[in-house]
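Peer 1: Here's my sequence, what's the structure:
(one chain, ligands or ions: 2)
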Amino acid sequence: MHAPQRFDRARLGLAAWAAVMALAAFLPVPEFWITLANYIGLYSLVALGLVLLTGIAGMTSFGQAAFVGLGAYASAVLTTTYEASPWIGLIAGLAIVVLAACALGAITMRLSGHYLPLGTIAWGLSLFYLFGNLEVLKKFDGITGIPAINLFGFSLQSGRHIYLLIWFTVALAVLAMTNLLDSRTGRTIRALKGGVVMAESCGVNTARTKLLAFVLAAVLAGLSGWLYAHLQRAVNPTPFGLNAGIGYLFMAVVGGSGHVWGALVGAALMTLLGDWLQELLPRLFGQNGNFEVIVSGMLLIILLQRAPGGLWPMLVTAWRWLLRGMPRGMLRRGSTNSAAATHPLATPPAGMRSRTAPQRLPQRDKASPGATVLDVRQARKTFGGLIAVNDVSFSLQAGEILGLIGPNGAGKSTMFNLVSGVLPLTGGEVHFMGQRVDGKPSRWMARAGMARTFQHVRLMPSMSVIENVTIGAHLRGRKGWLAGVLRLNLAEEAGLFEEARKQLERVGLAGYELREAGSLALGQQRILEIARALACDPTLLLLDEPAAGLRHQEKQALAAVLKQLSREGVSVLLVEHDMDFVMGLVDRLVVMDFGTRIAEGAPGTVRNNPAVIEAYLGGVE
Ligand code: ADP
Ligand code: MG
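Peer 2: Ligands and ions are numbered 1, 2, ... in the order given. Purely as a prediction, here's the structure:
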């Protein structure tokens, strides 16, 4: 469908921009501009980390300035007191940053809601006062006499020299981040904001993914600190305090924290605005003072109101508008992706563009015919005084389709969550493929071969349809974040996307690959979830009300897919309200009412069971 393109527009844009930035160093640009550009570059690195951590992964941090400080101080001490090379300072500094981030991340990433940002403020403040109170760091006076960086025998003494290194680093960081986000690990990072339960059900260890995002953001901050120390040639605690931490967060948010380029736009805007106001306001008011802080604060509030998605999405919309030369998509307030919502994504993921032959994904051995796949024994779940599931037992054979039905509130979804490891059991046992699995987390179940959909659809609405499906195939890939950054993952990515494409075709969503998942009709979103579950290559498929919201033809198509799966040896457990759909599809039914199993058997016999009729009629009354 898509011709393989080696360089997409995003990467071409990056190259063009890098060329312009590099050229500036050789033109007679005033020194003052170079200084400003250097600071914008340093801030961009930190803001880039915050885009990853806060904008994309959804974890707000006010403490990034402390990591800048760690990187700066580590190199400052090593290069002055121990006369080490700045490059040793870089390695040691980043090592310290990684260790500190692992320790701090392990504690703070567990916090949720308001506690997480508060936690980052706590260690941000602690590290600031640590810098200011340690004798080895010369307390609040700071360290001076830091040497310049030596690169290929060339000493980067002046701002103009280090400018090239700073912006080379920024360009690399932008490229690395772009690659990372478009990789197997990157998609799990993008799923952290709002998709933790979904990702875990696909086998993703979200706690580890959060920590990774945190450490990578800290490394970018530490890198910025190292460059800062050798640009300034002196460090003191002031630029590493909470104020700076808040400033960095502002840059990311103002620029557009959901976008890599937002970091650069935000850093540039805040730096230039601050500088300009500092010039302008004293002249305007006729007296000296820090008026720029007050005025830029007010401007920020207005900006956040007008463009909650940040400046970058607005710039993109404006740019498209200019290109088309038509007022088709007026600048939309707060639009993050509104323009893309009804159009396919501009740049297909690397896994779809790659010319590399798709790698074959591992496949699970299917359960042998007649084997018991799932065995639920006396499962029980109470919520306080309410018995939602009351000692229910049933089992499921390989290739069997079992329907779990019952009136609203019967306990079907709860039963489902017990089987899939989303909820812990109060009593009883669940055995899967001959192994006791109750008490295991849902990502463990996914690894064992259970895949599920959710009654209330859980997908990443701003990700493309096909990327959502590749998350389902997560466990069938191996490549980690570094392979993603270095693009050593193309064969595997091609394999993952090929698998996702096949599953989408199978469920009838071919052609929708590059749509934003959130733009699909609800019925299609449900089907998308089934494709995602199938991409996991499951032994057991758990479907919670898959036919809800589907049109008649879609239901028939879905039934055909499920029957085909059953012939292939996949077992299916489904909760469903639509009796016509269920009766024609399932091999066996288990009927629940008030948490209790009231009937079990073939659809024909269950239909005439007096207890079942009573339960359903009772439900109507
Ligand atoms: P069904 O899917 O059959 O409609 P559920 O399994 O969702 O039913 O719910 C069964 C019963 O358990 C209902 O009475 C519901 O209110 C209750 N319930 C479900 N989840 C919870 C929960 N997390 N906390 C408290 N009560 C719950
Ligand atoms: Mg339910």
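
Peer 1: hmm, stretch 196-211 touching ligand 1?
Peer 2: No. Using C-beta under 6 Å from any ligand atom, stretch 196-211 stays clear of ligand 1, with a minimum separation of 12.8 Å. Heads up, the C-betas are built off the backbone N, CA and C, glycines and all.

Peer 1: Wait, a helix at residue 456?
Peer 2: No. Under the criterion used here (DSSP: H, G, I helix; E, B strand; the rest coil), residue 456 is coil, not part of a helix.

Peer 1: give me the number of residues near it?
Peer 2: Using other C-beta atoms under 10 Å, residue 456 is surrounded by 7 other residues.

Peer 1: any idea how far the closest residue to ligand 2 within the stretch 1-150 of the chain is from residue 176?
Peer 2: Ligand 2 sits closest to residue 112 of the stretch 1-150 of the chain, with a gap of 25.4 Å, by C-beta to the ion. Using C-beta to C-beta, to the nearest Å, residue 112 is found at 29 Å from residue 176.

Peer 1: right, and the secondary structure at the residue of the stretch 1-150 of the chain closest to ligand 2 would be what?
Peer 2: Quick answer, by three-state DSSP: residue 112 is coil.

Peer 1: coming back round to it: so residue 112 and residue 176 - more neighbours on which side?
Peer 2: residue 176 (20 against 8).

Peer 1: check contacts around the more buried one.
Peer 2: Residue 176 sits next to residue 485 when contact means C-beta atoms under 8 Å, 6 or more residues apart in numbering.

Peer 1: Show the model's pLDDT score for it.
Peer 2: If you check residue 176, the pLDDT there is 96.

Peer 1: Assumed it was part of a helix.
Peer 2: Yes. Counting by three-state DSSP, one finds residue 176 located in a helix.

Peer 1: Tell me the helix or strand right after the lowest-mean-pLDDT helix or strand in the chain.
Peer 2: Ranked by mean pLDDT, DSSP states H and E, the weakest helix or strand in the chain is helix 338-341, scoring a mean of 41. For helix 338-341, the succeeding helix or strand toward the C-terminus, using DSSP states H and E, is helix 350-353.

Peer 1: and stretch 350-360, which residues are buried?
Peer 2: In terms of neighbour count (16 or more other C-beta atoms under 10 Å), stretch 350-360 has its buried residues at 350-354, 356, 358-359.

Peer 1: Residue nearest the middle of the protein, spatially speaking?
Peer 2: Of all residues in the chain, the one closest to the mean position by C-alpha atoms, centre = their mean is residue 190, 1.5 Å from it.

Peer 1: what's the nearest residue to it if we skip its chain neighbours?
Peer 2: For residue 190, ignoring the flanking residues on the chain, the nearest one in space by C-beta to C-beta, 6 or more residues apart in numbering is residue 56 at 5.7 Å.

Peer 1: just residue 373 next, same as before
Peer 2: Nearest non-adjacent residue to residue 373 (C-beta to C-beta, 6+ apart): residue 571, at 4.5 Å.

Peer 1: for the chain, what spans make up the strands?
Peer 2: Applying DSSP state E to the chain gives strands spanning 143-144, 150-151, 154-155, 234-235, 372-383, 386-397, 401-405, 427-432, 435-436, 450-452, 540-544, 571-575, 588-593, 596-601.

Peer 1: Pull the residues that contact the last one.
Peer 2: Put plainly, it is strand 596-601. Contacts to strand 596-601, defined as C-beta under 8 Å, 6+ apart, come from residues 390-394, 406, 588-592, 606, 609, 611-612, 615.

Peer 1: one more time with 6 Å, if that's ok
Peer 2: Residues outside strand 596-601 that contact it (C-beta atoms under 6 Å, 6 or more residues apart in numbering): 390, 392, 590-591, 606, 609, 611-612.

Peer 1: From those residues, keep the buried residues only.
Peer 2: So, by 16+ other C-beta under 10 Å, the buried ones in those are 390, 392, 590-591, 606, 609, 612.

Peer 1: for ligand 2, what are the nearby residues on the stretch 301-450 of the chain?
Peer 2: Taking C-beta under 5 Å from the ion as the criterion, the neighbours of ligand 2 within the stretch 301-450 of the chain are residue 413.

Peer 1: Quick one: name the residues of the stretch 301-450 of the chain near ligand 1.
Peer 2: By the rule C-beta under 6 Å from any ligand atom, the part of the stretch 301-450 of the chain lying against ligand 1 is 383, 386, 388, 406, 408-414.
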